[in-house]
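Student: model the structure of this input:
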Amino acid sequence: MFGNISQSFSQVNTYPTLRITGISLTATDNVGVTGYLINESAVIPNVNDVNWSSTPPLEYTFDSEGTKTLYAWAKDAAGNISESKSITLIIKLPDITKPIITNFSISSQSVSLDIRIKKFEAIDDVGVTGYIIKETPSVPNLADEDWQQSTPDMYVFNSVGEKILYAYVKDGAGNISIGKKDEVNIKIKQSRNFIKTN
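Tutor: Numbering: from 1, shown residues only. As a prediction, the model looks like this:
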């Protein structure tokens, strides 16, 4: 017969990893505890379950993120299994996936310094939060003031000629995409002034 079973977690209730450490599991029995088990099922485990351990487990690894419930069990030599103790926690893995620009295009020819953005589309596993277009291929800084919350419609150059625009997007975790580029040739027609002579 078990007197009590208790467990504690030394970290906060939200974990940024599938592997949970810092587990403290204790149990008492009038004869002696011979096995400890932690799992995700509220169903009493089989006394011959291969996951029983002679010492209290110090960690547990989940298969996926989300809201999880862990159940702690103990058994004695006679095969008596304790009631469970449970704890609910949240596994929230850090977002390290870069967003992807799926389509970026501008007009190939222009007679104006104002260039229309034809397509600027991107995807992210959580969500795209920023868009930026620039004339240099270097990855923009997260604090760059030119980030926009929605896709820009236009870009204004300072001079004519063959130009390259580089597009980037970012997500809420600060991941920045690989850049995509497109080119435009800007030719502005010069107006001619004719002088009428007699």
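Student: quick one: low-confidence parts of this protein?
Tutor: Along the chain, segments meeting pLDDT under 70 span 1-12, 190-198.
Student: could you rerun that using 80?
Tutor: Within the chain, the ranges that satisfy pLDDT under 80 run 1-12, 189-198.
Student: domain parsing for it?
Tutor: What automatic domain parsing lists as the domains of the chain is 2-91, 100-186.
Student: may I see these arranged in CSV, with mean neighbour count as well?
Tutor: C-betas here are computed from N, CA, C, even on glycine. Formatted as CSV, the domains of the chain follow (neighbours: other C-beta atoms under 10 Å):
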stretch, mean neighbour count
domain 2-91, 14
domain 100-186, 15
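Student: what about stretch 13-22, distance to the chain center?
Tutor: 16 Å (C-alpha atoms, centre = their mean, to the nearest Å).
Student: actually stretch 47-61, not the one I wrote
Tutor: Centre-to-centre, stretch 47-61 and its host chain are 31 Å apart (C-alpha atoms, centre = their mean).
Student: ok, Thr55 - contacts?
Tutor: Tyr36 (C-beta atoms under 8 Å, 6 or more residues apart in numbering).
Student: how far away is it from Tyr36?
Tutor: Per C-beta to C-beta, to the nearest Å, Thr55 is found 7 Å from Tyr36.
Student: just Val156 next, same as before
Tutor: Separation of Val156 from Tyr36 (C-beta to C-beta): 68 Å.
Student: do the same with Thr88
Tutor: Thr88 sits 20 Å away from Tyr36, going by C-beta to C-beta.
Student: same check, this time on Leu165
Tutor: Relative to Tyr36, Leu165 is positioned 61 Å away (C-beta to C-beta).
Student: for Asp125, which non-adjacent residue is spatially closest?
Tutor: Once flanking residues are discounted, Asp125 sits nearest to Thr97: 5.2 Å by C-beta to C-beta, 6 or more residues apart in numbering.
Student: contacting residues around that neighbour?
Tutor: Contacts for Thr97 (C-beta under 8 Å, 6+ apart) come out as Asp124, Asp125, Asp171, Asn175.
Student: one more time with 10 Å
Tutor: Contact analysis of Thr97 by C-beta atoms under 10 Å, 6 or more residues apart in numbering lists Asp124, Asp125, Val126, Asp171, Ala173, Asn175.
Student: could you do Pro152 as well?
Tutor: Contact partners of Pro152, counting by C-beta under 10 Å, 6+ apart, are Ile117, Phe120, Tyr131, Ile132, Ile133, Asp146, Ala167.
Student: now the residue sitting nearest the centre point of the chain: which helix or strand?
Tutor: For the chain, the residue sitting closest to the mean C-alpha position, by C-alpha atoms, centre = their mean, is Asp95 at 1.9 Å. Assigned by DSSP states H and E, Asp95 belongs to neither a helix nor a strand.
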